[in-house]
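Visitor: I'll drop the sequence and a predicted model, then ask my questions.
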Amino acid sequence: MDLTFTGRGIEVTDELRETASHKLAHLSRLEPRATRIDLEFVSEDYPRPDGTKRVEAALHVPRKTFRAQGEAGDVLTAIDRVGDRLERQIRDYHGRRKKRLARRADALESARPAPEAADTPGEES
């Protein structure tokens, strides 16, 4: 899984890259088809001058993109929040897929014709 980093108002250091890749590595185990995560680090100085940090992420899977955003006073906490939100989205998506597959299997089972009763010896008609 590839990680792409973009910084707006924040310098993306090697330490930040390593920490983000370590904290988001568990997502590749939850969704093995994941091809890429785009991370954007944003430093917001308005409306509060304390410098809120925002992390936006997009997890790309074939035919699906999961997006999440996290805000905090520091970048590491924002990365944790983004990871939690992406994990929740992936788990919900897998749950919906399982329900849909189970419904489809039930529909196929009910549409299948019932087996005919075999004539058993000893029964009289």
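Guide: Great, that's in hand. Quick caveat: nothing in here was measured; it's all calculated off a predicted structure.

Visitor: Please make it C-alpha for all contacts and neighbour counts, starting now.
Guide: OK.

Visitor: Now do the contacts for residue 31.
Guide: residue 90 (C-alpha atoms under 8 Å, 6 or more residues apart in numbering).

Visitor: Now do the longest helix that the chain contains: which elements does it pack against?
Guide: Secondary structure of the chain per DSSP state H: the longest helix is helix 75-111. Counting contacts by 3 or more C-alpha pairs under 8 Å, 6 or more residues apart in numbering; DSSP states H and E, helix 75-111 packs against helix 14-23, helix 26-30, strand 52-61, strand 64-72.

Visitor: by contact count, what packs against the last one?
Guide: Applying 3+ C-alpha pairs under 8 Å, 6+ apart, one finds that strand 64-72 makes contact with strand 52-61, helix 75-111.

Visitor: With the third one instead?
Guide: Using 3+ C-alpha pairs under 8 Å, 6+ apart as the contact criterion, the neighbours of strand 52-61 among helices and strands are strand 36-44, strand 64-72, helix 75-111.

Visitor: which residues are in contact with that strand?
Guide: In contact with strand 52-61 (C-alpha under 8 Å, 6+ apart) are residues 33-45, 65-75, 78-79, 82, 86.

Visitor: Show the buried residues in those.
Guide: 34, 36-37, 39-44, 66-72, 75, 78-79, 82, 86 (16 or more other C-alpha atoms under 10 Å).
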